[in-house]
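[1] From the sequence below, what's the structure:
(2 chains)
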Number of protein chains: 2
Amino acid sequence: MVNVYFTFEPREDLRKPLITEFPQVDFVFDSKLDTEKLRAAEILVTYGEDLKAEHLQYADKLQWIFIASAGIEKMPAEAIASRDIFVSNVRGIHKKPMTESILAHILAYKRALPFVYEQQKKHEWNKKARLSELNGSTALIIGPGAIGSEIGRILQAFDVYTIGCNRSGEQASFMNETHKLDVLKDQLPKADIVISMLPSTAETKHLLTREHFEIMKDSALFMNFGRGDLVKTDTLVEVLTEKLIAHAVLDVYEIEPLPAESPLWEMENVTLSPHFSSHSSRYVERSLDIFKPSLHKWLAGDRDLENKMVILRGY
Amino acid sequence: MVNVYFTFEPREDLRKPLITEFPQVDFVFDSKLDTEKLRAAEILVTYGEDLKAEHLQYADKLQWIFIASAGIEKMPAEAIASRDIFVSNVRGIHKKPMTESILAHILAYKRALPFVYEQQKKHEWNKKARLSELNGSTALIIGPGAIGSEIGRILQAFDVYTIGCNRSGEQASFMNETHKLDVLKDQLPKADIVISMLPSTAETKHLLTREHFEIMKDSALFMNFGRGDLVKTDTLVEVLTEKLIAHAVLDVYEIEPLPAESPLWEMENVTLSPHFSSHSSRYVERSLDIFKPSLHKWLAGDRDLENKMVILRGY
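    Numbers count the residues shown, from 1 in each chain, chains lettered A, B, ... in the order given. As a prediction, the model looks like this:
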């Protein structure tokens, strides 16, 4: 029997149909990574944060790692590559929940929801908030991949003009214009909303500097939902203190969790989300929906899995 | 010269182009309704809350009232009708800002934004919130007029199935289905989100009763952005205390402002917005954009104005 080892525990109502669908598979579910259980596993299903290089010496039978997340920075890439283990992930799973989180933040900011909540707490009927509108504005999406394009699609429905910036400059979906990242500085002054969805790579690390914020509109809303090392925390604190832009919404940080002593916590023109904007109560259900067809393929000897990754390349 | 009397004061940058565009018009701007100024006015531009029946005895020259709002409940309808004064309003002006507010509330609720704001205040990195998703859900829009259809358009972009209920049952725009209000109870059990956009009329007053909430899903989100007398406040308090539904977002109330002693203020499963979800920093600009073409028509002797209302009918 093929042994599939989950280092997390799906809910009973999701686990049962899985077991029923694959009678030829021996499923092992655990709440953490256990070395003994790893020894027996042909397939490992993990969120990608528990597997270390030293674990692999025990994983003699391991042939495929299914990562139920999108980020793989914490995976021991070289150890995995040297063993020729297949790696696939749930690319695309974040598209809808993240887009909904990002739109929630944009609209809450424009329509003064934090003010509404505060007044309710004070039991005060108070209309004195400045409510602005999203429609008619321009958004710049840095890194318009699967998620960025979905954001573009929804923004366009709200009558927002969308500009994408990616490595190639090739037209991305649901962008009114797409440009090369090289000319990012030409695009920044046009944007009312700047959203980064960039992954963490050598090229994107500290890509944004003070200079970039200087050329943004004073009224700009900056959102980082990609990776935290895109911009130094000190730079963010500086440009927000000086009000070079109006507001920032951050879901990712240079150091996570964001240290308790970070000045960001106190700043009025910043909204801090604890790197969970892709979370969803339907997440495991969705991961399994992606895993199951791949597992069928695997059992049939087909190694052309969905979302196969080149682990050393990082995506 | 035609005398146009504004009982509010547009910003200088909006007032100037208006005066320039209409050299044949004598504009009078005031921060309140003044009886003397009303005497001279052929056209009155008002938000619709200041004009009383007794004012009309002074308004000998008044021929047209332009209401820079959508609600006209506070207008002296019979006195206006008996004088055959033209009335027009800014129908449609609320469409975009209101839709954005409603989507802000829906998404903030689904993506746990109130939790995010609370954790930030406590300087706590805490991911323990239940984030759910909007896509794939079903929304019932009661009263899918101009605003309701715009909400439907955006909800459909988020992959939400939309059901409309209106008087005629005639297909409304951006509704996957439209039904008669008579069969509202057949539709309520299907909806994850119930949004009322109904105006206040004899037919809509206290239209929703406890029974309606009993047949909604336990997980339903109820939103009243129409008029507050759709449902008795006591009924709302009751069904929310008993958790017959999951959450309510209210922008309108039976009594406004909502009295300080209302139990609604304290309830955890209610979000209270102070009847301002249509507000916008671009509101006056937009009202003037609707007023100007009508004023050109008026000066040319054309009385077929945009958004002409039958004041006794109420819309």
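[2] Name the residues of stretch A:135-154 that are buried.
    A:135, A:137-145, A:147-154 (16 or more other C-beta atoms under 10 Å in any protein chain shown). C-betas here are computed from N, CA, C, even on glycine.
[3] wait, stretch A:207-221
    By 16+ other C-beta under 10 Å, the buried positions in stretch A:207-221 come out as A:Leu207, A:Leu208, A:His212, A:Phe213, A:Met216, A:Lys217, A:Ala220, A:Leu221.
[4] Now secondary structure and distance to A:Ser294 too, for those, in JSON lines please.
    Output for the buried residues of stretch A:207-221, formatted as JSON lines (DSSP: H, G, I helix; E, B strand; the rest coil; distance: C-beta to C-beta, whole Å):
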{"residue": "A:Leu207", "secondary structure": "coil", "distance to A:Ser294": "33"}
{"residue": "A:Leu208", "secondary structure": "coil", "distance to A:Ser294": "36"}
{"residue": "A:His212", "secondary structure": "helix", "distance to A:Ser294": "40"}
{"residue": "A:Phe213", "secondary structure": "helix", "distance to A:Ser294": "42"}
{"residue": "A:Met216", "secondary structure": "coil", "distance to A:Ser294": "42"}
{"residue": "A:Lys217", "secondary structure": "coil", "distance to A:Ser294": "45"}
{"residue": "A:Ala220", "secondary structure": "coil", "distance to A:Ser294": "41"}
{"residue": "A:Leu221", "secondary structure": "strand", "distance to A:Ser294": "38"}
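[5] Nearest to chain B among those residues?
    A:Leu221 (13.7 Å; C-beta to the nearest C-beta).
[6] Quickly list what the closest one is bridged to.
    A:Ile193, A:His247 (DSSP bridges).
[7] Tell me who's in contact with it.
    A:Ile106, A:Tyr109, A:Asp192, A:Ile193, A:Val194, A:Ile245, A:Ala246, A:His247, A:Ala248, A:Val249 (C-beta atoms under 8 Å, 6 or more residues apart in numbering or on different chains).
[8] now swap in A:Glu170 and tell me
    Going by C-beta under 8 Å, 6+ apart, the list of residues near A:Glu170 reads A:Thr178.
[9] and the residue of the stretch 201-315 of chain A found nearest chain B, backbone torsions?
    Proximity to chain B, evaluated over the stretch 201-315 of chain A using C-beta to the nearest C-beta, is greatest for A:Pro257 at 3.6 Å. Backbone torsions of A:Pro257, given as degrees, to the nearest 10, read phi -60, psi 150.
[10] host element of the closest residue to it other than its chain neighbours?
    Leaving aside its chain neighbours, A:Pro257 sits nearest to B:Trp125 (3.6 Å; criterion: C-beta to C-beta, 6 or more residues apart in numbering or on different chains). Assigned by DSSP states H and E, B:Trp125 belongs to no helix or strand.
[11] so what pLDDT did A:Lys308 get?
    Note on A:Lys308: pLDDT of 88.
[12] Look up how far A:Thr271 lies from it.
    36 Å (C-beta to C-beta, to the nearest Å).
[13] who's in contact with A:Ser168?
    A:Lys180.
[14] That one falls within a strand, correct?
    No. Assigned with DSSP: H, G, I helix; E, B strand; the rest coil, A:Ser168 falls outside any strand and is coil.
[15] picking that back up, of A:Lys308 and A:Thr271, who's got more company?
    Neighbour tally, A:Lys308 and A:Thr271, criterion other C-beta atoms under 10 Å in any protein chain shown: the higher count belongs to A:Thr271, 22 against 15.
[16] List the beta-bridge partners for the more buried one.
    Where A:Thr271 sits in a bridge, its partners, by DSSP bridges, are A:Val249.
[17] Verify the contact between it and B:Pro114 for me.
    No. Counting by C-beta atoms under 8 Å, A:Thr271 stays clear of B:Pro114, with 12.0 Å between them.
[18] and A:Ala129, what are its phi and psi?
    When read as degrees, to the nearest 10, the backbone of A:Ala129 gives phi -120, psi 150.
[19] Which parts of chain A are helices?
    Counting by DSSP state H, chain A has helices at residues A:12-21, A:35-40, A:77-82, A:95-110, A:113-121, A:146-157, A:184-187, A:210-215, A:233-241, A:283-299.
[20] Out of those, indicate the one that is most buried.
    Highest mean neighbour count of the helices of chain A: helix A:95-110, a mean of 26 (counted as mean count of other C-beta atoms under 10 Å in any protein chain shown).
[21] This completes my enquiry, with thanks.
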